[in-house]
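*Asks:* pasting a predicted model and its sequence here:
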Amino acid sequence: MRKPPKTIGREETSFALSLIVSFGYSNGDSVPFQLSQPLTVPLRYFYPNSLCSQSMNDKSRHSTGQRKTNCIQMKTHKPISPFRLSSLLRLQKDPKLAFQLFLNPNPSSSKPPKPFRYSLLSYDLIISKLGRAKMFDEMEEILHQLKQETRFAPHEVIFCNVISFYGRARLPDRAFQVFDKIPSFRCKRTVKSANSLLDALLKCREFEKMAEVFVGIGNYGSPDACTFNILIHAACLCGDLDAAWDVFDEMQKRGVKPNVVTFGTMIYGLSLNFKLKEALRLKEDMVRVYMISPNASIYATLIKGLCGVGELNWAFKLKEEMVTNKVKLDSAIYSTLISALFKHGRKEEVSDILGEMEENGCKPDTVTYNAMINGHCQENDLESAQRLLDEMMAKGCKPDVISFNTIIRGLCKEGKWDKAKDLLEDMPRRGCPPDVVSYRILFDGLCEMLQLKEATSILDEMIFKGHVPRTESINKLVDRLCQGCNMELLWMVLKSLGRGNGMTVDTWARVVAFVCKEKLSEASNLIDSLIS
DNA sequence: ATAGGGTTAG
């Protein structure tokens, strides 16, 4: 395959070479796991519930009343078996309750408890649940317990998951620690956990550490397609497409065949860097040279890229190509197209697309609705946006935080700060608590509309909930309060900020400068009055 | 869930 001409002068160009040429890889020092105290909360309040929902699934022949009795009988007479614990863990949506259930499967038994023979599956389930919920102290506690088990050795995939949880949480050191400790669980490390570590480091943007891991990967096996795909992804995110092509060539030199993910990643990188022509050519070459057909995600990437450079008609042609090639159109494709139609002032065509989705049996999902909500908000049509929010709820499609944030921003833009505030306050009731972004949008909006009193009170609320506004926004508010000599609100803002550790040097400097100026003018006034 | 796609935001 023909490589594109090299561009020079980029710092990241050395990316791939540094990966391949660098020397020595040393294991990080082992650090003991942090343990938290096991919780001892009575469990009987939620047990019957879990058991009932289980027996409902069992298509019980009994009436509801009898079913209830069954639950209670099971609770009082039959202790939970390791097998049953796994199915209960699967059903328990709340990670906190699942954690307590795991620690104490049979709380009601009065006899001294025999050691519970946990199954490997139940470890797997609870660890994944806690990891997804970012309850890392609890997860480490379970890992510690798993390490003591002598009946079996855990599978490597558990550690792969744990490493990727830490990667997603941007905790690269923790990811490293887990990787180092795998052997102490009597589990062998292969290229799989090394790949997980590489990917976790990528998510943390720790490119140098990635290079170290890659250099030492031979200790765990030969790098496979997955390894190289992660490296390609890293190079693409650095904007270093030359490096990406280098890895692409290098893997083949080492006898590793690119797969559909490799091409997807390359095409993603090219599109991300606005090299649509090259991306489209690679899509042709993967079929012609490598005999691998593009899948729906590759089409989604290309369609998004084409829409991004205004080539909507070309994007629609690709959608038709999918039909010809019998690649199933999914909601991601339609969401991208709908979003593009709004952006290019062609919203009249959206209803056609929705009709086509319906014909193809493809239901609009949350992302599709969000694209439309955003489209209406961009056009300052907040009524339509709010109507869509209600419609999706009515159709059983759960709005997410993005749905709400988009509308809150739209309302702020329209100057309807009280409605924006109402919507934010209504979010918990609608099953979607506001996040940092929700608060930041509202806070910025209130400052913009000079609703400084409201802004101050929202600031206090968000800090109370552990969310910090952007420094620029704080400074803007502080400046405005200084300008207006609003000492009362300024004082409240400083109090809130102090509580949340939200004061930066910059903010302090502003306040100090203001106070000094005030004092200074007070002083000069005093002098003036003395002189005269 | 060892690697890849779509909506927002800042």
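*Replies:* Received, thanks. This is a predicted model, so every value here is computed, not measured.

*Asks:* where along the stretch 151-300 of chain A do the helices fall?
*Replies:* Secondary structure of the stretch 151-300 of chain A (DSSP state H, counting those that start in this stretch): helices located at A:156-168, A:172-181, A:191-203, A:207-215, A:225-237, A:241-253, A:260-272, A:276-288, A:296-308.

*Asks:* need those in TSV (columns: mean neighbour count and mean pLDDT).
*Replies:* Where C-beta positions appear, they are placed from N, C-alpha and C, glycine not excepted. Shown next, in TSV, are these (neighbours: other Cβ atoms under 10 Å; pLDDT from 0 to 100):
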stretch	mean neighbour count	mean pLDDT
helix A:156-168	22	96
helix A:172-181	21	96
helix A:191-203	24	96
helix A:207-215	20	95
helix A:225-237	24	96
helix A:241-253	20	96
helix A:260-272	23	95
helix A:276-288	17	95
helix A:296-308	22	95
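
*Asks:* any chance of those helices in JSON lines, plus distance to DNA strand B?
*Replies:* JSON lines is the format used below for these (distance: least, Cβ to the nearest atom of the strand, whole Å):
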{"stretch": "helix A:156-168", "distance to DNA strand B": "4"}
{"stretch": "helix A:172-181", "distance to DNA strand B": "12"}
{"stretch": "helix A:191-203", "distance to DNA strand B": "3"}
{"stretch": "helix A:207-215", "distance to DNA strand B": "12"}
{"stretch": "helix A:225-237", "distance to DNA strand B": "4"}
{"stretch": "helix A:241-253", "distance to DNA strand B": "10"}
{"stretch": "helix A:260-272", "distance to DNA strand B": "4"}
{"stretch": "helix A:276-288", "distance to DNA strand B": "11"}
{"stretch": "helix A:296-308", "distance to DNA strand B": "3"}
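
*Asks:* which of those sits closest to A:D400?
*Replies:* Nearest to A:D400 among these is helix A:156-168 (17.3 Å), distances taken as Cβ to Cβ.

*Asks:* so that closest one versus helix A:172-181, what angle?
*Replies:* Relative orientation of helix A:156-168 versus helix A:172-181 (axes from the mean of the first three to the mean of the last three Cα atoms, to 10 degrees): 160 degrees.

*Asks:* name the helices or strands packed onto helix A:156-168?
*Replies:* Packing partners of helix A:156-168 (3 or more Cβ pairs under 8 Å, 6 or more residues apart in numbering; DSSP states H and E): helix A:120-132, helix A:136-148, helix A:172-181, helix A:191-203.

*Asks:* can you put those helices in TSV and add distance to A:K283?
*Replies:* Below are these laid out as TSV (distance: least, Cβ to Cβ, whole Å):
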stretch	distance to A:K283
helix A:120-132	34
helix A:136-148	40
helix A:172-181	34
helix A:191-203	24
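
*Asks:* tell me which of the helices of the stretch 151-300 of chain A lies nearest to A:A420.
*Replies:* Here helix A:296-308 is closest among the helices of the stretch 151-300 of chain A (Cβ to Cβ), at 29.2 Å.

*Asks:* list of residues touching stretch A:484-504?
*Replies:* The contact list for stretch A:484-504 (Cβ atoms under 8 Å, 6 or more residues apart in numbering) reads A:452-453, A:456, A:459-460, A:463-464, A:466, A:468-469, A:471, A:474, A:477-478, A:481-482, A:507, A:511, A:518.

*Asks:* perfect, that will be all.
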